[in-house]
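S.K.: Whatever this is, show me its structure:
(one chain, ligands or ions: 1)
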Amino acid sequence: MATTTIPGQLDLAAVRAEFPALDQRVHGYPLVYLDSAATAQRPRAVLDAIADFDRRDNANVHRGLYELSRRATDRFEAARSTVARFLGAADAAEIVWTRGTTEAINLVAMTWGLTNLRAGDEVVLTVLEHHSNIVPWQLVASRTGARLRYVDIDDEGRLRLDQLDRILADRPRLVAVGHASNALGTINPIREICERAHAAGALVLVDGAQGAAHCKVDVQALGCDFYVFSGHKLGGPMGIGALWARRELLEAMPPWQGGGEMIDVVELERSTWATVPHKFEAGTPNVSGAVGLAAAIEYLESLGADAVAAHERMLVEYGLERLAAVVRDAAAVAT
Ligand SMILES: Cc1ncc(COP(=O)(O)O)c(C=O)c1O
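M.R.: Modelled structure (predicted):
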């Protein structure tokens, strides 16, 4: 199909050609993949970065003085710096590798949550949350006696900020909210929510599983305290993602899992912990995943966040128009 490229817009044929998975027929038709909110397909740049790491640089990180271990460590830490830049973090030490959004929220719930929440404390969620941003808090609530409260949405699918204000008047400890909804696509006013929550003494965790893929993220401008996301939603590999938190929060949080990499000194009866972020990264990490995630970020940046966002807006408008036509046709048939 011939396409015309307008300056500032994506050359769709060229972009599509970067995704090998799209170059196949399914049930006899060229593949149309519409499940990117669940997981995005990966561009060649990501597949090549992973393959290159696996072929040439595979070695364990932070524990060898030989060439391959040095290269693997360098690529792993360079990937952390790429994520820090992508999120607008002040320091790469504020980026903790996790398996993804779900694990990052569990990390915060099981470390910050179990340390800071007491019986009667409140955690505020919204009815728009993915299960990953509900169930970890239910687990913490059942262990601490903390109480969960939910902010509703209006008829347009927007959060009821008037309700949030009423809940904040009871001085909850944490507001955990999605940046963009996987169900409705609503983009929440995170900056405003952070301002209101902080004025009431609450911290804010942002579930960026969808937000990192579709919105410009600057954690310092947003003013949140924790931001979490998954690599596979933005064209990176599965099994890698990150938690960003302000350094002083990470430093005050106890480790979550114990093992190699996260220790400073180990004795038979007790151990001391590595500095952040390594304190939270027990065991051999997903190094090729981190390299692949950094490549995905660089690929998205090469397309241009504004061009991608404009294309997505066009798709939403087209989708809504076509769906309205389906509804109109169905109503015409029924009458
Ligand atoms: C808003 C939101 N939060 C959390 C998750 C969970 O992400 P993961 O399964 O990568 O941990 C998803 C995945 O669909 C999501 O859309």
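
S.K.: where does the stretch 1-150 of the chain have low pLDDT?
M.R.: Where the stretch 1-150 of the chain drops to pLDDT under 70, the residues are 1-8.

S.K.: How about the residues of it by the ligand?
M.R.: 38, 100, 101, 102, 130, 132, 133 (C-beta under 6 Å from any ligand atom). Using the backbone N, CA and C atoms, a C-beta is placed for each residue, glycine as well.

S.K.: which residues touch the second one?
M.R.: Which is residue 100. Contacts for residue 100 (C-beta atoms under 8 Å, 6 or more residues apart in numbering) come out as 209, 229, 230, 231, 232, 238, 239, 240, 241.

S.K.: that older thread, state the pair within the residues of the stretch 1-150 of the chain next to the ligand that is farthest apart.
M.R.: Largest separation among these by C-beta to C-beta: 38 and 133, giving 16.1 Å.

S.K.: These two - which one has more neighbours?
M.R.: Using other C-beta atoms under 10 Å, the more surrounded residue of residue 38 and residue 133 is residue 133, with 23 against 9.

S.K.: Contacts for stretch 130-150 next, please.
M.R.: 101-102, 105-106, 108-110, 113-114, 117-127, 167, 172-173, 176-178, 182, 205, 207, 209.

S.K.: buried subset of those?
M.R.: Listed as buried from the contacts of stretch 130-150 are 101-102, 105-106, 108-110, 113-114, 117, 121-126, 167, 172-173, 176-178, 182, 205, 207, 209; burial here means 16 or more other C-beta atoms under 10 Å.

S.K.: residues contacting residue 174?
M.R.: Residues near residue 174 by C-beta under 8 Å, 6+ apart: 112, 113, 117, 123, 124, 202, 203, 204, 205.

S.K.: at 6 Å instead, please
M.R.: Residues near residue 174 by C-beta atoms under 6 Å, 6 or more residues apart in numbering: 123, 202, 203.

S.K.: which ones among those residues are found in strands?
M.R.: Using DSSP state E, the subset of the contacts of residue 174 located in strands is 123, 203.

S.K.: So what's the gap between the top helix by length along the chain and the chain middle?
M.R.: Scanning the chain for the longest helix, with DSSP state H as the assignment, gives helix 305-334. Relative to the chain's own centre, helix 305-334 is displaced by 27 Å; criterion: C-alpha atoms, centre = their mean, to the nearest Å.

S.K.: what pLDDT, on average, does that helix get?
M.R.: Across helix 305-334, pLDDT averages out at 92.

S.K.: middle-most residue in the protein, spatially?
M.R.: Centroid-nearest residue in the chain, with C-alpha atoms, centre = their mean: residue 229, separated by 1.1 Å.

S.K.: Identify each buried residue in the strand or helix carrying residue 198, please.
M.R.: Element membership for residue 198 (DSSP states H and E) is helix 190-199. Neighbour counts over helix 190-199 (16+ other C-beta under 10 Å) mark 190, 193, 194, 196, 197, 198 as buried.

S.K.: mind listing what the first one touches?
M.R.: Contacts were defined as C-beta under 6 Å, 6+ apart; by that measure residue 190 touches 179, 206, 222.

S.K.: From residue 214, how far out is it?
M.R.: 13 Å (C-beta to C-beta, to the nearest Å).

S.K.: Residue numbers of the stretch 151-300 of the chain in contact with the ligand?
M.R.: 178, 182, 207, 209, 210, 230.

S.K.: how about stretch 259-279: buried residues?
M.R.: 261, 262, 263, 274, 276, 277, 278, 279.

S.K.: Could you give the bridge partners of the residue nearest to the last one when sequence neighbours are not counted?
M.R.: Read it as residue 279. By the measure of C-beta to C-beta, 6 or more residues apart in numbering, the closest residue to residue 279 outside its immediate chain neighbours is residue 273, 4.5 Å from it. Residues in a beta bridge with residue 273, per DSSP bridges, are residue 263.

S.K.: Would you agree residue 273 is in contact with residue 281?
M.R.: No. Residue 273 is beyond contact range of residue 281, at 11.0 Å (criterion: C-beta atoms under 6 Å).

S.K.: the strands in this protein, which residues?
M.R.: So, for the chain - with DSSP E - the strands run 25-26, 29-30, 95-98, 122-126, 147-151, 174-178, 203-207, 226-230, 241-245, 263-266, 271-273.

S.K.: I'm done for today, thanks for sticking with me.
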